[in-house]
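[1] Let's see this in three dimensions:
(one chain, ligands or ions: 1)
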Amino acid sequence: MFQAVTEYGVTGRAFKSRIMEFQAWNPRDFTHDRHRTVDDRPYGGGPGMLMKVQPLQDAISAAKKAAGDGVKVVYLSPQGKRLDQAGVQHLAGAQKLILVAGRYEGVDERLIKAEIDEEWSLGDFVLSGGEIAAITVIDAIARLIPGVLGHDQSAVQDSFYDGLLDCPHYTRPEVFQGEKVPDVLMGGHHEQIRRWRLKQSLGRTWQRRPDLLEDKILSEEEKGLLEEFVREQCA
Ligand SMILES: NC[C@H]1CCC[C@@H](CNc2ccc(C(N)=O)cn2)C1
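    Numbers count the residues shown, from 1 in each chain. This is a model prediction of the structure:
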């Protein structure tokens, strides 16, 4: 599953060039019974199983041992703190991360308490396993590691990560579905293009995610551009 980030795209290059390193630790490799059992029944009964404590504990311990000092152990679940770009930046600051991907109905609370440093959630929805959440986190973190994105892409990244939604993008043909590319983008006037893109990002954020604007202090220029956008919308 993790080949999605270790083998493809910019993240794949980050792992191939060893800017980043990945190793998977499967609890099944830490079982001692013939069926390599990794699930166990919940005390208190009820449907579903939990992750068997001993194999998961041993997998985490082995990963910690291999990581050495300065490792942060993160558990991904709907019960975690809601992850956003600021949270990704926080995680990207860690030298080493162990991402624990759960399966079944969950993990014994005592194991979480003993081994997990931070619990994060990608959103209010349930996946069949934490692996896809871990893959997503790895991708988001990788994009923030110096050298992973080409310098040109990192320029694009900055505009998006100032807490605003991205502006509309256009490429060939000039007319598509009966609609022309906005003239400003055809003119090559970089300062006008910068302002237009910033105005579109501000306006789109105001329209679709006003909550993001609540946490953002706008510069005088941004305030002016947003007012212009709103006036044009209400005209
Ligand atoms: N109680 C269900 C829970 C038990 C333990 C394993 C997880 C794996 N699935 C996940 C993991 C994370 C997220 C998320 N939102 O970040 C959603 N789903 C499911």
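
[2] which residues touch the residue in the chain positioned nearest to the ligand?
    Closest residue of the chain to the ligand, CB to the nearest ligand atom: Gly102 (2.9 Å). C-beta here means a position set from N, CA and C on the backbone, and glycine is covered the same way. Going by CB atoms under 8 Å, 6 or more residues apart in numbering, Gly102 touches 51, 75-77, 129-130.

[3] Kindly report the same for Phe22.
    2, 5-6, 15, 138.

[4] Quick check: the gap between Thr136 and Gly9.
    In this view, Thr136 and Gly9 are 13 Å apart by CB to CB, to the nearest Å.

[5] quick revisit: restricted to strands, list the contacts of Gly102.
    51, 75-77 (DSSP state E).

[6] Check those one by one and keep those near the ligand.
    Among these, proximity to the ligand is found for 76-77 (CB under 6 Å from any ligand atom).

[7] which of the ones in strands among the contacts of Gly102 count as buried?
    51, 75-77 (16 or more other CB atoms under 10 Å).

[8] what pLDDT, on average, does the lengthiest helix in the chain get?
    Counting residues, the longest helix found in the chain (DSSP state H) is helix 190-208. Mean per-residue pLDDT for helix 190-208: 98.

[9] Which strands and helices lie in contact with it?
    helix 151-160, helix 183-187, helix 210-214, helix 220-234 (3 or more CB pairs under 8 Å, 6 or more residues apart in numbering; DSSP states H and E).

[10] Could you point out the helix or strand that follows the helix or strand of the chain with the lowest mean pLDDT?
    Least confident helix or strand, the chain: helix 151-160 with a mean of 61, by mean pLDDT, DSSP states H and E. Downstream of helix 151-160, the next assigned helix or strand under DSSP states H and E is strand 175-176.

[11] partner strands of that next one, parallel or antiparallel?
    Strand pairing for strand 175-176, using DSSP bridges, gives strand 179-180 (antiparallel).

[12] For the strand it pairs with, which outside residues touch it?
    With CB under 8 Å, 6+ apart, strand 179-180 has contacts from Glu174.

[13] Let me have the helices and strands packed on helix 190-208 in a markdown table, adding distance to Lys65 as columns.
    Output for the helices and strands packed on helix 190-208, formatted as a markdown table (distance: least, CB to CB, whole Å):
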| stretch | distance to Lys65 |
| --- | --- |
| helix 151-160 | 35 |
| helix 183-187 | 54 |
| helix 210-214 | 41 |
| helix 220-234 | 49 |
